[in-house]
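Undergrad: sequence first, predicted coordinates after that:
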Amino acid sequence: MRHLARFAAVLAAISLAAACDSPSGSGTPPARELSAAAPMDGTVRAGSSGDEFIIRFPDTRFQIQLQARSGSAADTLVAELVNAAGASMARVTSVGNATGFAGETADLVTPSGETLTWKLRVRGQSANDQGAYSVRIVPFANAPETLSPTVVFGRWLIGETLERADDADEFRFSVTGEEDILLHLATPVSASGPVRMVLVNRGTGQEITRLLIDGGLANARTHKYQLLPAGEYAVRVSAFQPTQYMVGTVYSLRLDRINHGPESGSGAITLGAVFGDSVNVPGDIDEYTFTARAGQYINLMMQPLDGLGQQLYGQDIGVRILFNGAQVAELSPRAAVASLDDYGTGRIRLEQAGVYTIRVVGQDEIIRPVDRVGRYRLELYPVDERPENGVRLQLDGGLVAGALERAGDMDEYTFTGAAGQYVMMQILSSDTASGAIQAELLGPGGASMRWVSTRTPRSPLLPGHYSYRVQLEAAGTYTVRVSSFQSFYARGGYSVEAYTVSDAPEHIPATIRVGETLTGEVIDRPGDLDIFSVVDDPRREVNLFAWYEPGGYFSAYLMIPGEIFPVFTYRGPATLDGESTGRVIVPAGTRLYVDPSVAGGLEVAQEMGRYSLRLFNINRAPERRAAPIALGEVVEGEPLYPAGDIDEFILQITETTPVLFMWAPAEGSGLSAILRDGVTGQPVWHSQSSTNGVPEREATLAPGRYRFQVLNESVIARSNHHAAATLNYRFSVTRR
């Protein structure tokens, strides 16, 4: 009996071992290896998690194939290829009692014999699906049928064919380090559908990049990719969508190694060199190196030849200047450039000393690559900031003539200035100059302070004579830089001048009183300005009028202590009763500036001549009569002059009185009449008030003192400076 028990235990152990050695879906058996050698069988039980196999990849494309052999029509089994991260990479299903294998292709390639930690899971699509199955890996031969599978760089492989709808031809190569690889793929225009080329790393099995041709639309395409690590690579050509229409499609391919040097001559150049080469294949790279000092100015100019610029305009080729791998400047060539001077980077300052690289890069992904090749010329022009004629600029020393000889040229002049000094800069371009020439003032530390440029084309209203004034903040050496306004285009002759101006009036005292009219002062030269101190009792209400003999740009303004913005007036008539600041209250310390350049902005007016000023005192008293008025009295013939004047009359009421207001201003004068409480100043009646569009003419006045004001309310500071004066108004206040 004991022997029988021992025998039963041995049989049970053998049976358990057999169950664990064969996938059955009833437990968690150790995963077995699935290779291309033979299929594996198993059974999925309802409610189980299924079976797992370790996958040994064949050194080629392969299919996962699954056959459900014993389930019902309702049972669906799934075989799923899962990577180490648990992501599904390929999946195939089979239903019921299938008569054959169903397959799914996996586009993965690894070196022969390497085992990855990927798994194939066979399970039911739902918890109730079950049944016996067979699973296998079926490799495909990726070798081309006609051509050699080994890539020869720089040579077309012509005439290979896709024999099957799912055919894929693999061509292999290796790289020893960092290389730029240019992929070419070509098909007949009559191709029935898209063809793709996939670049893969054979060491990892990962896809790197791909190239696609739309069948019938494009018959050639290129793509460049930088392969960083050394290793084994392959390109695989196949139909984008494997259909029977693609069977028999002919294609050609080519791989190029892109070197980083010019095809002819040395890549080492010097400042001032004219050099060039060609874009001999799409994506070509030519690199040149030069040494420069810190602070060196250059202009890199380019001229495409052989129609290269026409084909590459705007996008297909680039020229870059690099320092330690970082881009300093970039240039895209223009079509139909007649000479090197016609186009370039413009003036560039190289901030660091050392070796710089000029990289010419052809377009790296294009259609019809034969159109994207050709020759080019470059010139590395060193810009000398010193004037070529050796002249010096001196303050108040007159005009200095110079010229911008080449595109990107500039001339720098220096002078010594004092703190607070007003300096005028003027630039005049010659009649033969092309482009806008700029004069820029740099401070002692090199920071830009102001600039102005000539305009092109010039006109009688805008001559080639422009200027600006600046007040120097500190004593030191200042630089005037003459260059092209856009850093590249302008060339030709110019004249530049720097002179000082004073802010003190040259011909009359530098003070003005409220109510005073000043004449006899002159704007002596462009950029001149005069500053007057307003000397009078503080808090006076004034209106400023100005006249300027030459016309054109002119401004006079009041700078009031504590105010951020000045109060301006501009040129009016010689009668000094037109344009004005409007009514302004001037406290102690107010200054009056006369500055024609302010209205003209950076381009200072060139006119010179006499001007007059009137600082009108607004005293609010009637000019021709006493201020008190009586009920029933008609007031007329009183001048409200000039613009901004206010007439104020006094009305005394001894008892509560209903009154009627009669108000008749001159048509279009914009005048208003306001009756104010003599104590509080609050309005009691306003000529502009109305009810339902009907002007209000009646009021009841309590006993007291009232002020009746006649004024133009729009003539206030920073508002309408054009309001006209008038003599024509009549009014009365009568008892109702």
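TA: Happy to help now that I have it.
Undergrad: for Met301, which non-adjacent residue is spatially closest?
TA: Gly344 (3.5 Å; C-beta to C-beta, 6 or more residues apart in numbering). The way it works is simple: take the backbone N, C-alpha and C, and place the C-beta from them, glycine included.
Undergrad: my guess is that neighbour meets Gly408, correct?
TA: Yes - here Gly344 lies in contact with Gly408, judged by C-beta atoms under 8 Å, at a distance of 6.4 Å.
Undergrad: still on that earlier bit, any idea how far the residue nearest to Met301 is from Gly193?
TA: As judged by C-beta to C-beta, to the nearest Å, Gly344 and Gly193 stand 46 Å apart.
Undergrad: neighbour count for those two, which is higher?
TA: Taking other C-beta atoms under 10 Å, Gly344 and Gly193 do not tie; Gly344 has more neighbours (28 against 17).
Undergrad: let me see the contact set for that one.
TA: Counting by C-beta atoms under 8 Å, 6 or more residues apart in numbering, Gly344 touches Asn299, Leu300, Met301, Met302, Leu331, Glu379, Tyr381, Ala407, Gly408, Phe488.
Undergrad: one more time with 10 Å, if that's ok
TA: 298-303, 319, 329, 331, 337, 378-381, 406-408, 487-489 (C-beta atoms under 10 Å, 6 or more residues apart in numbering).
Undergrad: let me see the mean pLDDT of stretch 429-449.
TA: When pLDDT is averaged over stretch 429-449, the result is 85.
Undergrad: shift numbering so it begins at 796
TA: Fine by me, first position is 796 from now on; the one you just mentioned is stretch 1224-1244.
Undergrad: what residues sit buried inside it?
TA: Using 16 or more other C-beta atoms under 10 Å as the burial criterion, the residues of stretch 1224-1244 that qualify are 1224, 1228-1238, 1244.
Undergrad: now distance to Asp1298 and secondary structure too, for these, in a markdown table please.
TA: A markdown table is the format used below for the buried residues of stretch 1224-1244 (distance: C-beta to C-beta, whole Å; DSSP: H, G, I helix; E, B strand; the rest coil):
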| residue | distance to Asp1298 | secondary structure |
| --- | --- | --- |
| Ser1224 | 29 | strand |
| Ala1228 | 33 | coil |
| Ser1229 | 38 | strand |
| Gly1230 | 35 | coil |
| Ala1231 | 30 | coil |
| Ile1232 | 29 | strand |
| Gln1233 | 27 | strand |
| Ala1234 | 22 | strand |
| Glu1235 | 24 | strand |
| Leu1236 | 18 | strand |
| Leu1237 | 23 | strand |
| Gly1238 | 20 | coil |
| Met1244 | 18 | strand |
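Undergrad: related to what we said a few turns ago, drop anything exposed from the contacts of Gly1139.
TA: For the contacts of Gly1139, buried by 16+ other C-beta under 10 Å: 1093-1098, 1114, 1124, 1126, 1132, 1173-1176, 1201-1203, 1282-1284.
Undergrad: which of those residues fall in strands?
TA: 1093-1098, 1114, 1124, 1126, 1173-1176 (DSSP state E).
Undergrad: by pLDDT, give me the weakest of those.
TA: Leu1126 (83).
Undergrad: find me whatever residue is spatially closest to that residue, sequence neighbours aside.
TA: Using C-beta to C-beta, 6+ apart, the nearest residue to Leu1126 is Val1114, at 4.3 Å.
Undergrad: list the beta-bridge partners for the one you found.
TA: Leu1126, Val1155 (DSSP bridges).
Undergrad: how far away is it from Asp1079?
TA: Taking C-beta to C-beta as the measure, Val1114 and Asp1079 are separated by 13 Å.
Undergrad: any residues in contact with both of those two?
TA: Val1155, Val1156.
Undergrad: list the contacts for Gln1036?
TA: Ala960, Gly988, Pro989, Arg991.
Undergrad: host element of it?
TA: Taking DSSP states H and E as the definition, one finds Gln1036 inside no helix or strand.
Undergrad: equivalent analysis for Ala1293, please.
TA: Judged by DSSP H and E, Ala1293 forms part of strand 1287-1296.
Undergrad: taking strand 1232-1237 as reference, get the angle to that strand.
TA: Between strand 1287-1296 and strand 1232-1237, the angle comes out at 40 degrees (axes from the mean of the first three to the mean of the last three C-alpha atoms, to 10 degrees).
Undergrad: mind listing what's buried along strand 1287-1296?
TA: Within strand 1287-1296, the residues scored as buried using 16+ other C-beta under 10 Å are Gly1287, Gly1288, Tyr1289, Ser1290, Val1291, Glu1292, Ala1293, Tyr1294, Val1296.
Undergrad: what's the answer for stretch 1136-1152, then?
TA: For stretch 1136-1152, using 16+ other C-beta under 10 Å, the buried residues are Asp1136, Tyr1138, Gly1139, Thr1140, Gly1141, Arg1142, Ile1143, Leu1145, Tyr1151, Thr1152.
Undergrad: what's the spacing between it and its chain's center?
TA: Its chain's C-alpha centre and that of stretch 1136-1152 lie 22 Å apart, by C-alpha atoms, centre = their mean, to the nearest Å.
Undergrad: what's the first-to-last distance across that stretch?
TA: End-to-end distance for stretch 1136-1152: 21 Å, by C-alpha to C-alpha, to the nearest Å.
Undergrad: cool, stretch 975-987 as well?
TA: First residue to last in stretch 975-987 (C-alpha to C-alpha) measures 31 Å.
Undergrad: can I get whichever strand or helix holds Val1454 in CSV? Just the C-alpha atoms.
TA: Here Val1454 is covered by strand 1452-1460, with elements defined by DSSP H and E. Output of strand 1452-1460 as CSV, limited to C-alpha atoms (Å, rounded to 0.1, in the frame of the first residue of the first chain):
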residue,chain,number,x,y,z
THR,A,1452,-35.5,137.7,-7.5
PRO,A,1453,-36.8,135.7,-10.5
VAL,A,1454,-34.6,136.6,-13.5
LEU,A,1455,-34.5,136.1,-17.2
PHE,A,1456,-31.1,135.7,-19.0
MET,A,1457,-30.6,137.1,-22.5
TRP,A,1458,-27.4,135.7,-24.1
ALA,A,1459,-26.3,136.3,-27.7
PRO,A,1460,-22.8,135.2,-28.6
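Undergrad: what mean pLDDT does that strand have?
TA: Across strand 1452-1460, pLDDT averages out at 93.
Undergrad: which helices and strands does the strand holding Ala1293 pack with?
TA: Helices and strands touching strand 1287-1296, by 3 or more C-beta pairs under 10 Å, 6 or more residues apart in numbering; DSSP states H and E, are strand 1195-1199, strand 1205-1212, strand 1217-1224, strand 1232-1237, strand 1260-1266, strand 1271-1279.
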